[in-house]
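Chemist: below are the sequence and a predicted model for it; my questions follow.
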2 protein chains.
Amino acid sequence: MNTTEFGNLDALELLVARTGYHGALTAADKAAIRSLPFRLKTIDPGQDVVRQGDHPNVSVFIISGMLARYHTLPSGDRQYLSFHIAGDLPDVQSLFLKVMDHSLCGLGPSSLALFPHAPLKKLLHRRPSICFALWRLTLTDAAIFRQAITNNSRSHVARLAHLFCEQYFRARENGLTTADSCYFPVNQSQLGQALGMSHISVNRALQRLRKLKLCEFRQGTLTVLDWPGLVRVAGFDPLYLHVAE
Amino acid sequence: MNTTEFGNLDALELLVARTGYHGALTAADKAAIRSLPFRLKTIDPGQDVVRQGDHPNVSVFIISGMLARYHTLPSGDRQYLSFHIAGDLPDVQSLFLKVMDHSLCGLGPSSLALFPHAPLKKLLHRRPSICFALWRLTLTDAAIFRQAITNNSRSHVARLAHLFCEQYFRARENGLTTADSCYFPVNQSQLGQALGMSHISVNRALQRLRKLKLCEFRQGTLTVLDWPGLVRVAGFDPLYLHVAE
DNA sequence: CGCAGTATTGAAATTTCTCAAGCCGAGTGG
DNA sequence: CCACTCGGCTTGAGAAATTTCAATACTGCG
């Protein structure tokens, strides 16, 4: 996979590729995926795709852009839970968990494919390989959440560095990096709301990473200057992303 | 389900009950589960069941006792990720994620049933309903992880109260409470390692909860004195546990 | 040019941790 | 039966980290 492919292929090919990443698919499996009905949708930055409490009847597939999952606290504050890139299926879980326990919003302008639950479920019923692959995809999601729990109890610099490593690594894995940069359209406050720290602390941690010449983050773009160094500071071990098997 | 049933029924019946909780099963489905091979194992407190980096070929089902999932940090410290009670399947994910990204250890003395992956996977291949049910089970796991991310960026008292609400609620849901108490065999240091706070802070938060007459925690037993009050302080909303549908 | 959102800075206020010591209860061995 | 030990709990106080508040730059865009 590379950026060009991702940009040019249509939603179904992207979905075939992403599913195949999580489990071996036969030609028949691929054909079955290609037969799935869906509709396209575009989302503006800040716009919600689904909300906590909703009962969605479609699952979202990201064709381009970035979405985030978040909890809304009683105080009205947000806790961002994860950031999703092209090729992700950030709410497959709604196939089986009827009520959304969190919301999903756009960060950058994004284009989505919405897959109605009923035909998708029917497909999974018929094709265990696809079922296993999508199940596995949700399991890697859970592994990322686990890592976030651990990460967010570490030092400010380490946790910021770790989030950057994760985003960059996942972007690269999906052919979404250009040179040493990847798209990450959030501001410092949002980083704080993801990492459980104030935006002031985010700012100071960013300065540290910049001064150490490990990476830079400006205008929604993350640039890695020294990957091994960043990995070391972050204590990043991609094991939990379960890439190669 | 109630405690008596849980204590007397054998592992397979417990597994049938737990699976049925996550999806409707036909008589044939239940029979298929009952035909699964497994072996029993007992675990002492502190003993590891599987470790980070392992490639398990069985999945663990808890018959009684309590297990915890945890990450080991480079410093050697632990981050506890979740606590699992009778009826839980804390490492089904290893069916599809070959390498363990975390460890699993006993907290109290526990008895387990170990289900070899190969026949289990074959069963899931044949029986989509069971596959969906177990998938759903892992999805509720992920929801609990998400909630932990949010929880651990809140005040000390709130996060401790929230963990207590979750444990008590899940225990009650599975018929594992007696009067207003549930089994929770951890010490204050371990609570700290779960919640990202020092054991001193845990101690002071416990005192607060005690003084407010919301709950008590002593010798591995959690006693709820004022459930609505505890829920309020915790900001606990069981939506994310996805019980009733 | 000027606005709005974002980033940066300094400093005070607060929270949280670390360290160090004492306490308590259960189990052990004299 | 009692002293002892061990692990876990509790307490206080200084040190360190973090947040909050307030003010000042910066940037892209209309």
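Modeler: Now that the structure is in, tell me what you want to look at. Predicted model only: the values in this text are computed from it and were never measured.

Chemist: could you list the low-confidence segments of chain A?
Modeler: A:1-9, A:245 (pLDDT under 70).

Chemist: distance check, the residue nearest to the spatial centre of it against B:Ala32.
Modeler: Nearest to the mean C-alpha position of chain A, counting by C-alpha atoms, centre = their mean, stands A:His84 at 2.0 Å. Here the criterion is C-beta to C-beta, to the nearest Å. By it, A:His84 lies 36 Å from B:Ala32. Bear in mind the C-beta positions are built from the backbone N, C-alpha and C, glycine included.

Chemist: circling back to that earlier point, so what's the residue nearest to the centre of chain A bridging to?
Modeler: Counting by DSSP bridges, A:His84 is bridged to A:Leu67.

Chemist: so A:His55 is in which element?
Modeler: Assigned by DSSP states H and E, A:His55 belongs to no helix or strand.

Chemist: which helix or which strand is home to the closest residue to it other than its chain neighbours?
Modeler: Nearest residue to A:His55, sequence neighbours excluded (C-beta to C-beta, 6 or more residues apart in numbering or on different chains): A:Lys98, at 5.6 Å. Here A:Lys98, judged by DSSP H and E, is contained in no helix and no strand.

Chemist: hey, where'd the helices end up in chain A?
Modeler: Under the criterion DSSP state H, chain A contains helices at A:3-8, A:11-22, A:27-34, A:117-126, A:128-151, A:156-173, A:188-195, A:199-211, A:227-234.

Chemist: how is chain A divided into domains?
Modeler: A:3-150, A:155-241 (automatic domain parsing).

Chemist: for the shortest one, measure first residue to last.
Modeler: Okay, so that is domain A:155-241. Using C-alpha to C-alpha, to the nearest Å, one end of domain A:155-241 lies 21 Å from the other.

Chemist: is that domain anywhere near DNA strand D?
Modeler: Yes - using C-beta under 7 Å from any atom of the strand, we find that domain A:155-241 touches DNA strand D at A:Ser155, A:His156, A:Gly196, A:Met197, A:Ser198, A:Ile200, A:Ser201, A:Gln219.

Chemist: by neighbours, which of those residues wins?
Modeler: Neighbour counts for those peak at A:Gly196, which has 21 neighbours (criterion: other C-beta atoms under 10 Å in any protein chain shown).

Chemist: excluding chain neighbours, what is closest to it?
Modeler: Per C-beta to C-beta, 6+ apart, closest to A:Gly196 is B:Ser153, 3.1 Å.

Chemist: before we move on, what about A:Leu89?
Modeler: A:Phe61 (5.4 Å).

Chemist: and the one you found, how far from chain B?
Modeler: 17 Å (C-beta to the nearest C-beta, to the nearest Å).

Chemist: and if you look at A:Leu114?
Modeler: 19 Å.

Chemist: so what's that residue bridging to?
Modeler: Bridge pairing for A:Leu114 - DSSP bridges - gives A:Arg39, A:Val60.

Chemist: what residues does chain A have near DNA strand C?
Modeler: A:Asn187, A:Gln188, A:Ser189, A:His199, A:Ile200, A:Asn203, A:Arg204, A:Leu206, A:Gln207.

Chemist: will you turn the residues of domain A:155-241 next to DNA strand D into CSV that also has distance to A:Leu241?
Modeler: What follows is the residues of domain A:155-241 next to DNA strand D, written out as CSV (distance: C-beta to C-beta, whole Å):
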residue, distance to A:Leu241
A:Ser155, 22
A:His156, 23
A:Gly196, 21
A:Met197, 23
A:Ser198, 28
A:Ile200, 30
A:Ser201, 26
A:Gln219, 26
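
Chemist: which one among those residues gets closest to chain B?
Modeler: A:Gly196 (3.1 Å; C-beta to the nearest C-beta).

Chemist: what's that closest one in contact with, if anything?
Modeler: A:Gln79, A:Asn152, B:Asn152, B:Ser153 (C-beta atoms under 8 Å, 6 or more residues apart in numbering or on different chains).

Chemist: correct me if wrong: the second one contacts A:Arg159.
Modeler: Yes - shown here, A:Asn152 and A:Arg159 form a contact pair, counting by C-beta atoms under 8 Å, at 5.9 Å.

Chemist: shared neighbours of these two, which are they?
Modeler: A:Leu195.

Chemist: in terms of packing, which of those two has more residues around it?
Modeler: The residue with more neighbours, out of A:Asn152 and A:Arg159, is A:Arg159; 25 against 21, by other C-beta under 10 Å.

Chemist: wait, the more buried one touches A:Ala148, no?
Modeler: No - A:Arg159 is beyond contact range of A:Ala148, at 9.0 Å (criterion: C-beta under 8 Å).

Chemist: quick one on the thing from earlier: in ChimeraX, select just the buried ones from the residues of chain A next to DNA strand C.
Modeler: Provided next is the ChimeraX selection string for whichever of those are buried by 16 or more other C-beta atoms under 10 Å in any protein chain shown:
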select /A:188,206
